[in-house]
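**Student:** Here's my sequence, what's the structure:
(one chain, ligands or ions: 3)
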Amino acid sequence: MTKSKPEFSILVIGGDGIGPEVTAEATAVLDVISTHPKSRAAFKLLPRLFGGCSIDAHGTPVTDEVLETGRKADAILMGAVGGPKWDGMRRGFEGPEGATLRLRDVTQVYANLRPCEYFAAGNSPLRDELVRGAKFIVLRENCGGPFYGPKEETPDYASDLWSYKRSEIERIARMAAHLALSSASPKKTVTSCDKANVLASSRLWRKVVQETIEKEFPEVEIVHQLADSATTLMMMRPTLFNGVILADNTFGDILSDLAGVIPGTLGVLPSACLADIPAQKWGDDPVKGFYEPVHGSAPDIAGKGIANPIGAILSVALMLRYSFGMEEEAAAVEKAVNSTLDAGFRTKDMRGTTSTKDMGSLVREALQQLLDQ
Ligand SMILES: NC(=O)c1ccc[n+]([C@@H]2O[C@H](COP(=O)([O-])OP(=O)(O)OC[C@H]3O[C@@H](n4cnc5c(N)ncnc54)[C@H](O)[C@@H]3O)[C@@H](O)[C@H]2O)c1
Ligand SMILES: CC(C)[C@H](C(=O)O)[C@@H](O)C(=O)O
Ligand SMILES: [Mg+2]
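**Tutor:** Numbering: from 1, shown residues only. Ligands and ions are numbered 1, 2, ... in the order given. Below you'll find the predicted structure:
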């Protein structure tokens with residue numbers, strides 16, 4: 001890796017439904033950054049079919065070539081996959097969603113960071129005084145649990161094995177503590193959510209999270225919360241969770257979608273799936289990351305040009321920060337999004353009329369100005 005101006009390779013998966021619409025706005029942000037006179041990096045984009053569109057073209061949701069490209073690339077950017085047309089194909093890891101799980105598995109991106117914060121856009125259905133100041137990362141274990149356990153599927157019986165190994169829990173607990181310590185917030189808290197009152201895998205989870213963090217990160221406060229009551233608390237007192245919310249694959253999936261109530265739409269939530277502790281600064285070797293907004297392919301609004309591209313654009317900010325150590329550029333993208341919202345522009349999910357493309361170009365204009373300063 002040359003430290004002068006590295007070129008990072010990125011597998012780009014538009015996917016299905018609104019996936020290609022929001023991904024186009026996200027890659028356009030990367031173009032602004034790489035073509036700016038002060039640019040510190042070049043990006044080699046590797047667009048590929050994946051998901052339902054790949055089933056239509058190749059008869060499989062992911063070809064070996066795409067898995068291999070993803071394994072070798074520095075990062076992966078994905079819109080979303082799936083849709084009613086391919087719902088009948090879900091069995092084991094077949095079908096569009098199964099392909100996403102396979103790609104997460106081959107890249108071993110075990111830590112799924114799903115940051116959520118309140119935007120002062122007046123869009124939350126929750127009362128302003130409840131959500132103001134809410135800022136946390138849902139850290140979801142991404143390569144284990146029932147998503148990956150052996151499955152049995154017959155017309156009369158079906159099962160998914162929900163299991164965790166100590167080593168899988170230790171590595172995600174370390175990531176949680178690392179994120180808590182590196183956050184700007186004075187509160188260094190990890191709130192771990194589980195169902196230790198009923199699930200054996202949760203009892204191991206709770207024990208290993210407690211032991212690992214207590215021993216290796218004594219300055220981090222650990223709170224254990226049952227996952228069911230965590231949902232009510234997240235809606236009633238979201239700021240209680242400021243810091244890091246740690247959860248396994250299933251509970252993390254649910255809690256991160258629930259967090260969409262805080263900004264008032266899933267459309268603005270980004271996500272980063274990492275294979276290692278994030279890069280600390282520009283010039284470090286890239287950390288393998290798989291970036292995708294939290295939302296899905298939203299078949300109900302696909303093709304209408306109204307999808308919110310902010311979740312995808314903010315996922316690019318996470319890529320710059322966590323994979324490439326480009327904190328200044330990441331912060332500029334986030335600032336550009338905030339200033340666009342502050343100027344009053346909103347897509348339909350935020351009760352506005354701005355189109356996907358217009359929202360993308362407004363953010364890019366704001367970004368260009370910030371980079372020029
Ligand atoms: N990463 C992924 O590939 C991924 C993630 C989640 C769901 N999915 C798949 O997507 C399909 C649809 O799932 P779903 O309907 O449960 O969830 P979804 O996230 O696609 O949609 C839920 C609701 O949020 C809205 N929404 C989502 N993203 C939006 C955006 N960017 N702008 C505006 N509104 C937005 C939708 O219109 C819909 O009303 C399913 O096939 C599911 O498996 C894929
Ligand atoms: C589509 C599906 C495989 C995926 C998941 O459950 O991980 C989605 O819901 C997500 O949150 O990224
Ligand atoms: Mg989900």
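**Student:** for the stretch 101-250 of the chain, what spans make up the helices?
**Tutor:** Using DSSP state H, counting those that start in this stretch, the helices of the stretch 101-250 of the chain run over residues 128-131, 166-182, 200-216, 227-236, 249-258.
**Student:** Taking the stretch 251-373 of the chain, what residue is nearest to ligand 2?
**Tutor:** The nearest approach of the stretch 251-373 of the chain to ligand 2 comes at residue 253, 4.6 Å away (Cβ to the nearest ligand atom). For the C-beta atoms, the positions are set from N, CA and C on the backbone; glycine is no exception.
**Student:** Excluding chain neighbours, what is closest to that residue?
**Tutor:** residue 140 (6.4 Å; Cβ to Cβ, 6 or more residues apart in numbering).
**Student:** So what's the predicted local confidence for that neighbour?
**Tutor:** Looking at residue 140, its pLDDT is 98.
**Student:** And residue 58, by the same measure?
**Tutor:** So residue 58 comes in at 97 (pLDDT).
**Student:** nearest residue to it other than its sequence neighbours?
**Tutor:** In this structure, residue 58 finds its nearest non-sequential neighbour in residue 49, 7.0 Å apart by Cβ to Cβ, 6+ apart.
**Student:** To ligand 1, which of the helices of the stretch 101-250 of the chain lies closest?
**Tutor:** Closest approach to ligand 1 among these (Cβ to the nearest ligand atom): helix 249-258, 7.4 Å.
**Student:** for the residue nearest to residue 82 when sequence neighbours are not counted, what are its contacts?
**Tutor:** Leaving aside its sequence neighbours, residue 82 sits nearest to residue 96 (Cβ to Cβ, 6+ apart; 4.3 Å). Going by Cβ atoms under 8 Å, 6 or more residues apart in numbering, residue 96 touches 15, 16, 50, 51, 52, 55, 61, 81, 82, 83, 86, 89.
**Student:** what about 7 Å?
**Tutor:** Shown in contact with residue 96 (Cβ atoms under 7 Å, 6 or more residues apart in numbering): 16, 51, 52, 61, 81, 82, 86.
**Student:** And residue 35, by the same measure?
**Tutor:** Applying Cβ under 7 Å, 6+ apart, we find residue 35 in contact with no residue.
**Student:** Check what pLDDT it gets.
**Tutor:** Predicted confidence (pLDDT) for residue 35: 96.
**Student:** phi, psi of it?
**Tutor:** phi -100, psi 0 (degrees, to the nearest 10).
**Student:** And it, how far from residue 368?
**Tutor:** Taking Cβ to Cβ, to the nearest Å as the measure, residue 35 falls 10 Å from residue 368.
**Student:** what residues are up against residue 261?
**Tutor:** 124, 125, 126, 235.
**Student:** my bad, residue 152
**Tutor:** Counted by Cβ under 7 Å, 6+ apart, residue 152 has contacts 158, 159.
**Student:** could you measure it against ligand 1, distance?
**Tutor:** For residue 152, the distance to ligand 1 equals 21 Å [Cβ to the nearest ligand atom, to the nearest Å].
**Student:** ok, now how distant is that residue from ligand 2?
**Tutor:** Per Cβ to the nearest ligand atom, residue 152 is found 19 Å from ligand 2.
**Student:** Next, the residue nearest to residue 351 when sequence neighbours are not counted: phi, psi?
**Tutor:** In space, and not counting its chain neighbours, residue 351 is closest to residue 123: 6.5 Å by Cβ to Cβ, 6+ apart. Backbone torsions for residue 123, taken as degrees, to the nearest 10, come to phi -110, psi -10.
**Student:** Residue 123: neighbour count?
**Tutor:** For residue 123, the count of nearby residues is 20 (other Cβ atoms under 10 Å).
**Student:** What confidence value was assigned to the residue nearest to residue 6 when sequence neighbours are not counted?
**Tutor:** Nearest non-adjacent residue to residue 6, counting by Cβ to Cβ, 6+ apart: residue 41, 5.4 Å away. Confidence at residue 41, expressed as pLDDT, is 96.
**Student:** how near is residue 41 to residue 271?
**Tutor:** Here residue 41 is placed at a distance of 21 Å from residue 271 (Cβ to Cβ).
**Student:** ditto for residue 200
**Tutor:** Distance from residue 200 to residue 271, counting by Cβ to Cβ: 28 Å.
**Student:** Could you tell me which residues of the stretch 1-150 of the chain lie near ligand 2?
**Tutor:** 97, 100, 101 (Cβ under 6 Å from any ligand atom).
**Student:** Out of those, the closest to residue 327 would be?
**Tutor:** Checking those against residue 327 by Cβ to Cβ gives residue 100 as the nearest, at 27.9 Å.
**Student:** Now that closest one: which helix or strand?
**Tutor:** helix 95-107 (DSSP states H and E).
**Student:** Just the C-alpha atoms of that helix, please, in PDB.
**Tutor:** The C-alpha coordinates for helix 95-107 follow below in PDB (Å, rounded to 0.1, in the frame of the first residue of the first chain):
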ATOM      1  CA  GLY A  95     -32.400 -16.600  -2.600                       C
ATOM      2  CA  PRO A  96     -31.200 -13.000  -2.500                       C
ATOM      3  CA  GLU A  97     -31.100 -12.600   1.300                       C
ATOM      4  CA  GLY A  98     -29.200 -15.900   1.600                       C
ATOM      5  CA  ALA A  99     -26.500 -14.500  -0.800                       C
ATOM      6  CA  THR A 100     -26.000 -11.500   1.500                       C
ATOM      7  CA  LEU A 101     -25.400 -13.900   4.400                       C
ATOM      8  CA  ARG A 102     -22.900 -15.800   2.300                       C
ATOM      9  CA  LEU A 103     -21.000 -12.600   1.400                       C
ATOM     10  CA  ARG A 104     -20.900 -11.500   5.000                       C
ATOM     11  CA  ASP A 105     -19.600 -15.000   5.900                       C
ATOM     12  CA  VAL A 106     -16.900 -15.300   3.300                       C
ATOM     13  CA  THR A 107     -15.600 -11.800   4.300                       C
END
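**Student:** Nice, that's everything, thank you.
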